[in-house]
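Colleague: requesting a structural model of the entry that follows:
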Amino acid sequence: FPKESNYINLWTPEDESLFYPTDKKYIDVSFLGSVDKYRDRISLLPLLKSEFPDVAISGGQRTSKLTPSKYAAIVRDSKIGINFPMSQTGVFYQAKGRIFEYTSCNSLLIDWDNPSTKRFFEPEKEYISVKNPEELVEKVKFYLNNEEERVRIARNGLKKFSENWTAKIFWETLLKKLKL
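Modeller: So this is what the prediction gives:
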């Protein structure tokens, strides 16, 4: 992270009354977020749907008008959450709030290999990183069929989230940096 005095490394502070860990998971795989302006999502979500017909795909709070409670319930109930970190322009990666939502709910995060997510979580230990569509399908299949390993990595992600990225830590970090 940059060390400039005017730089603050922040993340999305998740509402702990909505995003909290659960062990009971009823949805195998989900992706929640906008699709229409993201080329990678437009091309890859049909592949996911063809390989995993029950994948929960929704435009999220803005596009599909999910309430925050319904959105969070889908995240909490998911065994695996998929993240697409590419910006709408397709030029750079972003650390989407989704990486904190899924890890805070004890769901396994599968994300594309990118430097933004690696700033917050360690690949292959706290989430799973993939490099191409074939590997995405392969990893989803593997972790759906290997519950013990899926749960172990999801718990590591939850632990990292709980120790470093909660809303409380977010506000403490911000107020300390602002010297308030």
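
Colleague: C-alpha from now on. contacts and neighbour counts both.
Modeller: Noted.

Colleague: shouldn't residue 80 be within a helix?
Modeller: No - with DSSP: H, G, I helix; E, B strand; the rest coil as the criterion, residue 80 is assigned strand and is not in a helix.

Colleague: that one bridge partners, please.
Modeller: Beta-bridge partners for residue 80, by DSSP bridges, are residue 29, residue 108.

Colleague: what's the distance between it and residue 53?
Modeller: Note on residue 80: its distance to residue 53, by C-alpha to C-alpha, to the nearest Å, is 14 Å.

Colleague: between the two, which has more neighbouring residues?
Modeller: Neighbours were counted for residue 80 and for residue 53 using other C-alpha atoms under 10 Å; residue 80 has more, 28 against 11.

Colleague: contacting residues for the more buried one?
Modeller: 27-30, 107-110, 140 (C-alpha atoms under 8 Å, 6 or more residues apart in numbering).

Colleague: state the pLDDT value of it.
Modeller: You'll see residue 80 listed with a pLDDT of 98.

Colleague: kindly report the same for the one 3 residues further on.
Modeller: For residue 83, the model assigns a pLDDT of 94.

Colleague: phi, psi of it?
Modeller: Dihedral pair for residue 83: phi -120, psi 140, per degrees, to the nearest 10.

Colleague: quick check: closest non-adjacent residue to it.
Modeller: residue 111 (4.9 Å; C-alpha to C-alpha, 6 or more residues apart in numbering).
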